[in-house]
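Asks: Can you look at this prediction? I've put the sequence above it.
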Amino acid sequence: MLDRYFSSSDVLRRYRSGPAGAFLDGYASALHAEGYVLKTGCAHLADATHLGVWSERHGIPIARLDEDVVDRFKRHLPRCRCRGAKHHGYPHTRFRVGRFLRYLRREGILTAPQPVLTRTSVLVQAYCACMRRQRGLTERTLETYAPLVGAFLDALGEDPRRYDAAGLRAFVLLRVTRHERHSAPAVTAAVRSFLRYLVAEGRCSADLLAAVPSVRRWRLAKLPLYLPAEEVERILGACDVGSVYGLRDRAMLLLLARLGLRAGEVVQLRLADLDWKQGRLRVAGKGRRETSLPLPQDVGDAILAYLKHARPAVPDGHVFLRRRAPVGPLRSSALSARVAQAMQCAGVEAPSHGAHLLRHSLATRMLREGATLDWIGAVLRHRSVQSTALYAKVDVDLLRQVAQPWPGAQVSPC
């Protein structure tokens, strides 16, 4: 595989005979599988070879490479005079040798480093492990909870027996003021979850659970943000289907606009979830609940066009992938950014620019076309009808017909 990047027999012989030569063909295969182009792949392989030569000169075999050795190598770069070494910019070299180190670990050539854990981090990791095993919390939830639990331990200490209601409430109130209103309940949820874990482990009193203050939040206090149907179509039409990015973006936006999928559900979609014969789509929603949805014709056509003409040919099971190396699945934030860019190209102004805006727009459109709340809830896969009830407020004309005047108030003629 090394000859995919180098055609010179002298270069191939020198690289393969070097200290890192035994691993370069496999590394080249990994780079190719992740979509690295010729020039970038050559730079990665050259830096891996350079690292091997330098480490051998200092009596360090490849099997003993670690972060400390790589840090020493990085400090050597500004004054490097190694024969045959090609420098493509020191900041990039630092990244590339780290990439080679991760490859060696993934292949089992190097052992993974054992982190030095403090008592606090041990407690956080034990909590996360228990939540995965006992409660089935997803990694995304734990990514939200773990930093909050770490801050909780930093503020109140590592000994749960010393916790009291005053300190607990002070921490919660301070953290809530630092969060947006819609995300403040995550603070209390994380604290309650951690306290329940400590109670189950017999490390603190169960009375502390009652001391966690609640964040007042009215579920139906605001209207859902949405776009009219014609503006949604303008956004979909703004995707340039003549480019590989436009083909991908149009397919993703159609899944948001036609099926009301969440951003996380779109980016986690896998090739095995597409049932072309039955014209259906399997979606793993919140709580790992799987649902089979019909695949509309325009959505299926857009996905098929992307798979045939724009998707990178890499061994990754996700449907939608990054175009730049290392090729892999997108993040939810990247999808929301693509929605915002399509809105800008279409000249659509809205108070929100996230992917969820298209989900709200679909529900609103269905309601105005006569769909019942039960039907809308089934399409959006809501667990409770209370979640769907939010959309009952968007039909203002119907609300005017059923609204009653305030007792004792003067009725306006309009």
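Replies: Happy to help now that I have it. Numbers count the residues shown, from 1 in each chain.

Asks: ok, now which ones touch the residue nearest to P294 when sequence neighbours are not counted?
Replies: Spatial nearest neighbour of P294, chain neighbours left out: R280 (6.0 Å); criterion: C-beta to C-beta, 6 or more residues apart in numbering. In short, each C-beta sits where N, CA and C put it, glycine included. R280 is in contact with 292-295, counting by C-beta atoms under 8 Å, 6 or more residues apart in numbering.

Asks: in stretch 272-281, what counts as buried?
Replies: For stretch 272-281, the neighbour count (16 or more other C-beta atoms under 10 Å) marks 273-274, 281 as buried.

Asks: One more: stretch 1-13?
Replies: Going by neighbour count (16+ other C-beta under 10 Å), the buried part of stretch 1-13 is 2, 5-6, 11-12.

Asks: Kindly report the same for stretch 159-179.
Replies: Neighbour count says stretch 159-179 has 160, 163, 168, 171-172, 175-176 buried, by 16+ other C-beta under 10 Å.

Asks: Now go through those and say which are in helices.
Replies: 168, 171-172, 175-176 (DSSP state H).

Asks: What is the nearest of those residues to R368?
Replies: Lowest distance from R368 to these (C-beta to C-beta) belongs to V176, with 36.7 Å.

Asks: how about that closest one, what does it touch?
Replies: V176 neighbours (C-beta under 8 Å, 6+ apart): 184, 187-188, 215.

Asks: Could you measure from it over to A190?
Replies: 11 Å (C-beta to C-beta, to the nearest Å).

Asks: Would you mind giving the secondary structure of the closest residue in space to F6 that isn't next to it in sequence?
Replies: Leaving aside its chain neighbours, F6 sits nearest to L12 (5.5 Å; criterion: C-beta to C-beta, 6+ apart). Put simply, L12 is helix when judged by DSSP: H, G, I helix; E, B strand; the rest coil.

Asks: Run a quick check on L12 versus Y5, I expect a contact.
Replies: No: L12 lies out of contact with Y5 (C-beta atoms under 8 Å); the separation is 9.5 Å.

Asks: that older thread, ranking by neighbours, what's the top pick from the contacts of V176?
Replies: Within the contacts of V176, neighbour counts (other C-beta atoms under 10 Å) peak at V187, which reaches 26 neighbours.

Asks: isn't it right up against A151?
Replies: No: the criterion here is C-beta under 8 Å, and V187 misses it with A151 at 9.4 Å.

Asks: Quick check: A151 touching R175?
Replies: Yes: with contact defined as C-beta under 8 Å, A151 counts as touching R175 (6.9 Å).

Asks: could you pull out the strands for the stretch 201-350 of the chain?
Replies: With strands called from DSSP state E, counting those that start in this stretch, the stretch 201-350 of the chain shows them at 274-275, 280-284, 290-294.

Asks: And the furthest pair within the buried residues of stretch 159-179?
Replies: Spatially, the most separated pair among those is P160 and V176, at 21.5 Å (C-beta to C-beta).

Asks: If you average pLDDT per helix and strand, which one of this structure comes out bottom?
Replies: helix 396-402 (a mean of 53; mean pLDDT, DSSP states H and E).

Asks: Could you identify the helix or strand that succeeds the helix or strand harbouring L123?
Replies: Using DSSP states H and E, L123 falls within helix 119-130. Scanning forward in sequence from helix 119-130 by DSSP H and E, the next helix or strand is helix 139-156.

Asks: Give me the helices and strands touching that next one, please.
Replies: Using 3 or more C-beta pairs under 8 Å, 6 or more residues apart in numbering; DSSP states H and E as the contact test, the elements touching helix 139-156 are helix 119-130, helix 165-177, helix 185-200.

Asks: before we move on, back to that, for the contacts of V176, could you give me CSV that also reports pLDDT and distance to D240?
Replies: Output for the contacts of V176, formatted as CSV (pLDDT from 0 to 100; distance: C-beta to C-beta, whole Å):
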residue, pLDDT, distance to D240
A184, 77, 40
V187, 88, 42
T188, 89, 45
V215, 73, 43
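
Asks: and which of the residues you listed is nearest to C80?
Replies: Distance to C80, by C-beta to C-beta, is smallest for V187 among the contacts of V176, at 48.9 Å.

Asks: quick one: contacts for that closest one?
Replies: 148, 172, 175-176, 179, 215.

Asks: From P147, how far out is it?
Replies: 11 Å.

Asks: Over to G202?
Replies: G202 is 25 Å from P147, by C-beta to C-beta.

Asks: Looking at the two now, which is surrounded by more residues?
Replies: Per other C-beta under 10 Å, whichever of G202 and P147 has more neighbours is P147, with 12 against 7.
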